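Q: Structure, please.
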Amino acid sequence: MLALAFSKTDNLMAAGNYFPREMIVRLANERPQTVKDLFLDLFDEETDLLERIDSFQKKIKGLNENFVQYKNHYQDDRAVLVYLSLRFPETYFFYKFKMFKAFCEKVDAGFEPKIGRKSNIVQFLETCQMVREEIRPNNHLLKLHTKRIGDAEYFDEGSNILTQDFIYAVTKYLSIDEKILPIIRPGLNLQVESFEVAPKNYPFKAKYVDHVARQRRNKRIGDLGEQIVLQDEKERCPADLIKQIDHSSKSKGDGLGYDILSFDEKGNPKFIEVKSTTGGRDRPFFVTGAELARSKKEGSNYFLYRLYNLNERSLTADYFIIRGDLSEYCTNPIEFEVILKPIILTSP
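A: Model (predicted):
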């Protein structure tokens with residue numbers, strides 16, 4: 001069954017001296033239920049992506065050593081992203097390290113992929129999502145893409161395959177003699193020292209919200225805001241510490257409670273959370289539980305950069321900074337995570 005499922009993957013999983021398809025089929029023939037369980041765990045979107053990938057690869061390595069004993073199991077990051085893309089074509093993208101590295105160099109992405117580093121995957125997916133949002137409004141490109149898809153071929157409505165093709169085309173055919181990206185910096189440096197927190201009344205009024213579209217839009221604006229602050233921090237940071245600046249939300253993923261690790265002029269760490277909007281200064285924003293907890297832990301080393309009036313074309317924004325514990329600002333609860341611990345009752 002697995003061999004049939006992968007029979008048309010062609011050079012995605014079988015090219016030159018690269019044989020992930022053959023090896024996963026061999027392992028499945030030896031231990032079908034074990035391999036099935038590994039795929040189910042890999043496809044569990046409720047758990048951390050990098051942990052899923054790492055667990056899958058380690059267990060595949062063990063199966064290979066115990067049953068097939070081939071010199072290479074070939075289940076690398078490229079192969080695993082193929083599995084995820086086939087299962088969730090609207091979420092994942094086909095990955096090649098050399099392609100991604102070349103693309104980052106061509107567009108001066110501010111991220112340098114390193115061989116063997118799992119954060120490459122997170123950064124690659126984030127980069128693809130940003131590129132996808134740029135090309136999807138291009139109706140001419142979408143029409144050209146649609147015409148090349150035959151009746152028997154898969155058409156990805158999310159434009160994920162088109163995005164990957166675009167990245168590949170940039171690396172192979174685009175020649176850039178000089179940097180095409182502008183120097184990015186916030187338009188104004190507004191340091192606001194005090195605020196009034198407005199309480200919110202809940203009117204219990206029903207309304208329809210396209211949460212998918214809003215989330216996609218907010219994600220794009222959020223990514224642009226982080227890039228603006230990241231560039232600004234690189235220009236302000238002491239020269240000997242610039243390489244230690246980490247775009248943590250991309251290199252490590254969400255959940256840390258901050259987006260960027262930077263340093264001030266004295267070398268002290270700055271844990272920076274970025275909140276961005278194209279709206280005005282008074283537009284409300286959301287703080288997660290992890291962000292609140294991190295602000296309490298880091299104290300004066302925690303900085304919330306609020307970017308507003310963000311201009312997507314010029315990549316500029318106005319901003320102010322809230323420094324330290326965010327507790328006094330978190331007065332309007334939106335939702336709560338409920339964790340139930342069952343009580344085991346025993347008979348007397």
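Q: And the strands in the stretch 101-250 of the chain, which stretches?
A: Secondary structure of the stretch 101-250 of the chain (DSSP state E, counting those that start in this stretch): strands at 188-189.
Q: residue ranges with poor pLDDT in it?
A: For the stretch 101-250 of the chain, the stretches flagged by pLDDT under 70 are 110, 175-194, 206-214.
Q: Show me where it has its helices.
A: Along the stretch 101-250 of the chain, counting by DSSP state H, counting those that start in this stretch, helices occupy 119-135, 139-147, 160-173, 211-236, 248-251.
Q: what does the third one contact?
A: Read it as helix 160-173. Contacts of helix 160-173 from elsewhere in the structure, counted by Cβ atoms under 8 Å, 6 or more residues apart in numbering, are 85, 89-94, 99-100, 102-103, 106-107, 127-128, 131-132, 135, 141-142, 145, 154, 156. Glycine gets a C-beta too; all of them are placed from N, C-alpha and C.
Q: repeat that for 7 Å
A: Counting contacts by Cβ atoms under 7 Å, 6 or more residues apart in numbering, the residues outside helix 160-173 that touch it are 89-90, 93-94, 99, 102-103, 106, 128, 131-132, 135, 145.
Q: still on that earlier bit, will you turn the helices of the stretch 101-250 of the chain into a markdown table that also has mean neighbour count and distance to Arg306?
A: As requested, the helices of the stretch 101-250 of the chain are exported to a markdown table (neighbours: other Cβ atoms under 10 Å; distance: least, Cβ to Cβ, whole Å):
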| stretch | mean neighbour count | distance to Arg306 |
| --- | --- | --- |
| helix 119-135 | 19 | 21 |
| helix 139-147 | 11 | 34 |
| helix 160-173 | 17 | 30 |
| helix 211-236 | 17 | 9 |
| helix 248-251 | 21 | 16 |
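Q: Distance to Glu22 added to these, as TSV?
A: As requested, those are exported to TSV (distance: least, Cβ to Cβ, whole Å):
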stretch	distance to Glu22
helix 119-135	23
helix 139-147	31
helix 160-173	23
helix 211-236	38
helix 248-251	33
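Q: So for Phe56, which of those helices sits nearest?
A: helix 119-135 (12.4 Å; Cβ to Cβ).
Q: Pull the residues that contact the closest one.
A: Residues outside helix 119-135 that contact it (Cβ under 7 Å, 6+ apart): 50, 53, 77, 92-93, 95, 97, 100, 109, 111, 113-114, 141, 159-160, 162-164, 166-167, 219-220, 223, 250-253.
Q: so it versus helix 139-147, what angle?
A: 110 degrees (axes from the mean of the first three to the mean of the last three Cα atoms, to 10 degrees).
Q: Helix 119-135: how far from the chain's middle?
A: Distance, stretch centre to chain centre, for helix 119-135: 7 Å (Cα atoms, centre = their mean, to the nearest Å).
Q: relative to helix 211-236, how tilted is it?
A: When the same axes, to 10 degrees is applied, the directions of helix 119-135 and helix 211-236 differ by 110 degrees.
Q: Return helix 119-135 as CSV; C-alpha atoms alone will do.
A: Once side chains and other backbone atoms are set aside, the C-alpha atoms of helix 119-135 remain, and they are given as CSV (Å, rounded to 0.1, in the frame of the first residue of the first chain):
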residue,chain,number,x,y,z
SER,A,119,15.7,25.6,12.6
ASN,A,120,16.2,25.6,8.8
ILE,A,121,12.9,23.9,8.5
VAL,A,122,11.0,26.5,10.5
GLN,A,123,12.6,29.4,8.7
PHE,A,124,12.0,27.8,5.3
LEU,A,125,8.3,27.3,6.0
GLU,A,126,8.0,30.9,7.3
THR,A,127,9.9,32.2,4.2
CYS,A,128,7.6,30.2,1.9
GLN,A,129,4.5,31.6,3.6
MET,A,130,5.8,35.2,3.2
VAL,A,131,6.6,34.6,-0.5
ARG,A,132,3.2,32.9,-1.1
GLU,A,133,1.4,36.0,0.2
GLU,A,134,3.4,38.1,-2.2
ILE,A,135,2.7,36.1,-5.3
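Q: How is this structure divided into domains?
A: Partitioning the chain according to automatic domain parsing yields domains covering residues 2-173, 188-329.
Q: Quick one: end-to-end length of the first one, please.
A: Start and end residues of domain 2-173 are separated by 36 Å (Cα to Cα, to the nearest Å).
Q: just how off-centre is it within its chain?
A: Centre to centre, stretch against its chain (Cα atoms, centre = their mean), the figure for domain 2-173 is 15 Å.
Q: cool, and the last one?
A: Average the C-alpha atoms of domain 188-329, do the same for its chain, and the two points are 16 Å apart (Cα atoms, centre = their mean).
Q: Sheet-wise, list the partners of the longest strand along the chain with their directions.
A: Under DSSP state E, the strand in the chain containing the largest number of residues is strand 302-311. Applying DSSP bridges, strand 302-311 is found paired with strand 269-276 (parallel), strand 316-323 (antiparallel).
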